[in-house]
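# Here is my input, please return the structure:
(chains A and B)
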Amino acid sequence: MNTAEPFAELPVAPKPPLRRFHQARWDEPIIFELSRPGRRGIAVPEPGAPRVELPESVRRAEPPKLPELAQPHVVRHYLRLSQENLGNDLNIDVGQGTCTMKYSPKVNDRFAAAVAELHPLQHEDTVQGVLEIYWRLERMLAEISGMSRVSLQPGSGSAAIYANVAMIRAYHAARGETHRDQVITTMFSHPSNAACAKVAGFEVITLMPDADGLPDIEALRAAVGPRTAALMITNPEDTGIFNPRIREFVDLVHEAGGLACYDQANANGILGITRARDAGFDLCHFNLHKTFSTPHSCGGPAAGACGVSADLAPFLPGPVVAFDGSAYTLETPERSIGKVRPFLGVTQNIVRAYAWIMSLGAEGLRQVAETAALNNNYLMRKILAIPGASAPWGTRRIEQARYSWQELSEETGVHSEEIGVRASDFGVHYWTSHHPYLVPEPFTLEPTESYSKEDLDEYAAILAHVADEARRDPEMVKGAPYNQTVHKIDPSPLDDPKAWAPTWRAYVRKHLS
Amino acid sequence: MSAGVSVGLVVNPVAGLGGAAGLKGSDGAEVQRAALARGATPRAGERAARAVRALLSRRPGTRLVTAPGPMGEHSARAAGAPHTLVRSVPPSEPGASGVTTAGDTRRAVLAMAGVDLLLFAGGDGTARDVLDAVRELRERGERVPPVLGIPAGVKVYSGCFALSPAAAGTLAAAYISGTSGVSGTSGDGSGRAALAEAEVVDLDEDRYRQGLVSPVLYGALRVPAAPAALSGRKAGSSGTAPGTVEGIAREVVSRMRPGVRHVLGPGATTRAVGRELGLATTLLGVDVVERVERVERVERDGAGGRLVAADVSEAELSGLVEGGEAVLVLSVIGGQGFVLGRGNQQVSPRVLRAVLGDAPGDAPGARAAGRLLVLATQQKLAALGGRPLLADSGDEDLDRMLAGHVQVITGYHESTIYRISAASEELNG
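Numbering: from 1, shown residues only, chains lettered A, B, ... in the order given. I've put the predicted structure just below:
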């Protein structure tokens, strides 16, 4: 600290403008490497009951190769890993644009814990309370989207999109229109739409942005026809730009006999303001882990919801919860596409989303959207004031914005990815969620309603500092990170299937034997 | 690669001169003198130095092999790079007026054949000179180094250029380090950085000055692969990622019906279609191919095609598509989005009418549907920045008939619908 500062005599030194952050680095081995034969967490007493002899056909020839550790080592291991992390509860998490990172109230975790011990095969009579939560959450999401029915079964946003594609396919098949084999999407729609359509066997037609950054409606006019199964579109798109002609897009597809499916991954800026059904859509989906505050779970069990019009309701994945005015029951819709995951849904996340909506009410949801849009436009002004940063198409954004460091990069040779990594030395980050990489040197920021003005000021100040550093000392930025758990990693194994090891067993097979 | 790697550097010191002077290019001594007279200052040397600085910051101590004076030596010095001069170029300041010729560039490249990577600073005209030298090396049976362009010219439409001087230096450093970082390695286990084929296109500058944009495809150069030039990297992408030239080729072949003649225009993308069929089609010529009946053969070893005729003339092509069903397979040439009339003049109005004329449907778009396949990666279309594709077949009525929207194949089972305009209308506003 500068001792000449007027505050120098205070008992606690004031903080510098940029946080002197340093991440923990434990150099922690993988848990399998910590294993020692015979080590145990609990010495289980003899049961005092006769042993059950299992038939030979179901017996393992050798025991599973699980790590063997004592309790304190397990606790220490996972706490160390948890420190080597920049999670949503630690950093100003606006850098995961398109991911809608928001604060999830801790009290909702306690509600979720309350249902943790239910068994998914319990009889309906014994789980009326949780079925009521499913029913009520379905009705709320139906109200929010304007749709008739909603399935809460999907375990992720992409699973919900896939369920929607499967319903589109089943709907056309039921009408004898199996020749409808094309799905139309847009370049800046969530890429899972194209991916899911392809997995389901559709040919994908992608509309490119026009000079204003919006999908070219004339191209849509030329694209629709007797082979059109559906339009799958995100709005606002991942650029943060809202398509004001969305109703015309929907009408064009309907005139050609196709269905319109709304990807609401970016719903956080439109809650209580627009509704999918009001724009004519036949299907939509929500990511409960984005808009409705359940954990993202690192690709683990998140939660998705599929909303459909009355015409599509018979095709919903099942089972769904039905209510006759006195009791809740499970039923499978008449022409259901089947299950998209086992059982009813990710119940703990359903409970969290329900609690979150109940705590806000209708006015609260609208306030979420308005605050998210306000935060985004505030941050956008701060970012665009940084020399070398720009946002293509220059128009207003809703809840997120895709920016470009092209100018800075051409001037300094420093790439967007390197700036994001350097930012992590100050305890924030942005990552690589900028598909399809049409914007040069992209970065995508989405400040949801969870962040204060001070949070946004701090984030913008960090990016401004790093951009300035890129001009003064580009090698400093390129050498980052310095205060992080890990330093540079080599991304090339990601492109090499021979190197992939999602499990310890695969690691041993591919790299140690 | 070992510590003994060397990087060649050739600067075309007059590249870019004409741009600032409003002369739309710098080819030819007369234009260069005019530009200098209008007060233009050379900038290629400084841009080359920027690339060298970026290279050195990642690979300190990299030794340059370069040509004397403004053809590289000055840039190497400015960037503080250790360097060796090639002798076969006259060590005098090239040209009394400070003007160098295409021959100087070619001779410098020929003298640097032994380097591990050759950087050159200039524009499309310079890229053509480098291509000429590379062809000469090939003819002599000599080793041909991979090359990479530092953008410094007025016209930089060829695919062999990096996005900026700094990007060129960074990519060069990654390449000589044995991995091109952003793109991974060649995948053959050798650890060598991957190379890709990049097209060299150039405009006819005299026509360009008259307001006519006419890019011509001249050939291809081997360059370090940098598919992510627009960004950092795409996490988790793999070699089978959609939108590749191979994916486009697979889609075209999957749409081919046996016995239907397919006219493959020039370009690396259409050549990939030939490869997918197991055929050695030409890069610059127009070829006619057919798919053979046995589908399983195509899937097994890709050898599912028959080369009806290679590198055909307009008259030959006209004869081949007359009377039978045929499909045109054309790629987008250069940065302006030309589909017809640039490098594929063999596809004449007569040929177009024969192929598209009797297709059913009233709307021009419907008429062309299925008979005209346009190929481009999404990146190439994105680089058009919303501008339309262009048709300049030589028959303005025909161009206007084609105008509208065409399906462009961008990958396997992937396409987009993109606007196409008559070049005469689009360019004359």
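
# Leaving out sequence neighbours, find the closest residue to A:Pro440.
The spatial neighbour of A:Pro440 that comes closest, neighbours along the chain excluded (C-beta to C-beta, 6 or more residues apart in numbering or on different chains), is A:Gln406 at 4.1 Å. Every residue, glycine included, has its C-beta placed from N, CA and C.

# The one you found: how many residues sit nearby?
A:Gln406 is flanked by 20 other residues according to other C-beta atoms under 10 Å in any protein chain shown.

# do the one 4 residues further on as well
A count of neighbours around A:Glu410, defined by other C-beta under 10 Å, yields 19.

# so what pLDDT did the residue nearest to A:Pro440 get?
We have a pLDDT of 89 for A:Gln406.

# Also B:Gly211?
Confidence score, pLDDT, at B:Gly211: 49.

# after the helix or strand containing B:Leu381 comes which helix or strand?
Following DSSP states H and E, one finds B:Leu381 within helix B:378-382. As assigned by DSSP H and E, the chain's next helix or strand after helix B:378-382 is strand B:389-391.

# Could you list every helix and strand in contact with the next helix or strand after that following strand?
Next along the chain after strand B:389-391, taking DSSP H and E as the criterion, comes helix B:396-402. The elements that helix B:396-402 packs onto, with contact taken as 3 or more C-beta pairs under 8 Å, 6 or more residues apart in numbering or on different chains; DSSP states H and E, are helix B:349-356, helix B:364-368, strand B:389-391, strand B:414-422, helix B:423-427.

# As TSV, these with mean neighbour count, distance to chain A and mean pLDDT would be great.
As requested, the helices and strands packed on helix B:396-402 are exported to TSV (neighbours: other C-beta atoms under 10 Å in any protein chain shown; distance: least, C-beta to the nearest C-beta, whole Å; pLDDT from 0 to 100):
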stretch	mean neighbour count	distance to chain A	mean pLDDT
helix B:349-356	20	16	90
helix B:364-368	19	6	50
strand B:389-391	27	11	89
strand B:414-422	23	4	91
helix B:423-427	18	14	70
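
# With distance to A:Tyr437 added, can I get these in TSV?
Shown next, in TSV, are the helices and strands packed on helix B:396-402 (distance: least, C-beta to C-beta, whole Å):
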stretch	distance to A:Tyr437
helix B:349-356	35
helix B:364-368	29
strand B:389-391	22
strand B:414-422	15
helix B:423-427	27
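
# Tell me how many other residues crowd A:Asp212.
Per other C-beta under 10 Å, the neighbour tally for A:Asp212 reads 12.

# which residues does the closest residue to it other than its chain neighbours contact?
Computed as C-beta to C-beta, 6+ apart, the closest residue to A:Asp212 that is not its neighbour in sequence is A:Trp393, at 6.0 Å. By C-beta atoms under 8 Å, 6 or more residues apart in numbering or on different chains, the contact set of A:Trp393 is A:212-213, A:239, A:241.

# What is the burial count for residue 378?
Looking at chain A here, since you left the chain open. Using other C-beta under 10 Å, A:Tyr378 has 16 neighbouring residues.

# My question was about chain B, not that one.
20.

# need the contact list for it.
The contact partners of B:Gln378, taken as C-beta under 8 Å, 6+ apart, are A:187, A:206, A:208, A:436, A:438, B:243, B:410-411, B:416.

# mind checking how far stretch A:349-358 is from the chain centre?
17 Å (C-alpha atoms, centre = their mean, to the nearest Å).

# One more: stretch B:277-292?
With C-alpha atoms, centre = their mean, you get 19 Å for stretch B:277-292.

# I'd like the average pLDDT over it.
Per-residue pLDDT over stretch B:277-292 has a mean of 89.

# for stretch A:144-158, same thing?
pLDDT averaged over stretch A:144-158 gives 96.

# and it, anywhere near chain B?
No. Stretch A:144-158 lies apart from chain B when judged by C-beta under 8 Å from any C-beta of the partner chain; the minimum separation is 14.0 Å.

# Report how far apart the opening and closing residues of that stretch are.
20 Å (C-alpha to C-alpha, to the nearest Å).

# Okay, buried residues for it please.
Of the residues in stretch A:144-158, A:144-147, A:149-158 count as buried by neighbour count, 16 or more other C-beta atoms under 10 Å in any protein chain shown.

# Beyond the helix or strand bottoming out on mean pLDDT in chain B, next helix or strand please.
Between all helices and strands in chain B, the lowest mean by mean pLDDT, DSSP states H and E belongs to helix B:364-368, at a mean of 50. Using DSSP H and E, the helix or strand that follows helix B:364-368 in sequence is strand B:372-375.

# What is that following strand packed up against?
Other elements packing on strand B:372-375 under the criterion 3+ C-beta pairs under 8 Å, 6+ apart are helix B:245-255, helix B:268-276, strand B:326-331, strand B:404-411.

# The ones you listed into a markdown table, with extra columns for distance to chain A and mean neighbour count?
Converted to a markdown table, the helices and strands packed on strand B:372-375 look like this (distance: least, C-beta to the nearest C-beta, whole Å; neighbours: other C-beta atoms under 10 Å in any protein chain shown):
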| stretch | distance to chain A | mean neighbour count |
| --- | --- | --- |
| helix B:245-255 | 9 | 21 |
| helix B:268-276 | 17 | 24 |
| strand B:326-331 | 17 | 24 |
| strand B:404-411 | 3 | 24 |
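
# so A:Glu68 sits right up against A:Phe32, yeah?
No. Between A:Glu68 and A:Phe32 there is no contact under C-beta atoms under 8 Å: 9.8 Å.

# so which strand or helix has the closest residue to chain B within the stretch 101-250 of chain A?
Among the residues of the stretch 101-250 of chain A, A:Ala222 lies closest to chain B, at 3.4 Å counting by C-beta to the nearest C-beta. Element membership for A:Ala222 (DSSP H and E) is helix A:217-223.
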